[in-house]
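Asker: Provided below are the primary sequence and the corresponding predicted coordinates.
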Amino acid sequence: MAGEQYEVDTMYPGFIIEASGSDAAFAKRTFIWAMEAEKTHAQLFQEAISIVELRIKESWVGLPKALYVCAACGFTTRTREEQAHCPVCKLPYDKFEVIR
């Protein structure tokens with residue numbers, strides 16, 4: 001979990017600052033998308049840790065479950081979102097990859 005938080009709190013913000021100062025718009029956008037995706041990864045990871053620590057047997061952690069991953073930015077969700085597009089990069093949800 002510490003590694004996930006480091007990416008969200010320190011690593012990607014530093015990359016974004018660096019890219020902002022070098023007129024590298026594509027790099028900056030990529031780092032912003034990656035940071036937003038890492039936020040979802042950290043949230044899922046923390047939820048899984050809590051479920052395991054509480055020894056909850058009937059949960060998405062212990063049962064076969066699909067995860068939906070944006071093919072462009074890596075945003076990850078446990079549910080098929082009702083919106084038409086990824087909240088981070090706006091890729092249509094029908095382009096998401098299903099990971100089981």
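Answerer: Received the coordinates, thanks.

Asker: can we go C-alpha only for contacts and neighbour counts from here?
Answerer: Fine.

Asker: pLDDT weak spots in this structure?
Answerer: Within the chain, no range satisfies pLDDT under 70.

Asker: residue closest to the middle of it?
Answerer: In the chain, the residue lying closest to the centroid (Cα atoms, centre = their mean) is A37, at 2.7 Å.

Asker: so which residues make contact with stretch 18-32?
Answerer: The contact list for stretch 18-32, computed with Cα atoms under 8 Å, 6 or more residues apart in numbering, reads 12, 15-16, 73.

Asker: rewinding a little: so how far is the host helix or strand of the residue nearest to the centre of the chain off the chain centroid?
Answerer: Assessed by DSSP states H and E, A37 sits inside helix 25-53. In terms of Cα atoms, centre = their mean, to the nearest Å, the centre of helix 25-53 is set 4 Å apart from its chain centre.

Asker: in it, which residues are buried?
Answerer: Across helix 25-53, burial judged by 16 or more other Cα atoms under 10 Å covers 27-44, 48, 51.

Asker: equivalent analysis for stretch 72-80, please.
Answerer: Within stretch 72-80, the residues that qualify as buried by neighbour count (16+ other Cα under 10 Å) are 72-77.

Asker: can you redo the residues you listed as TSV with secondary structure and distance to R100?
Answerer: Listed next are the buried residues of stretch 72-80 as TSV, based on DSSP: H, G, I helix; E, B strand; the rest coil; distance: Cα to Cα, whole Å:
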residue	secondary structure	distance to R100
A72	coil	19
C73	coil	19
G74	coil	15
F75	coil	16
T76	strand	12
T77	strand	12
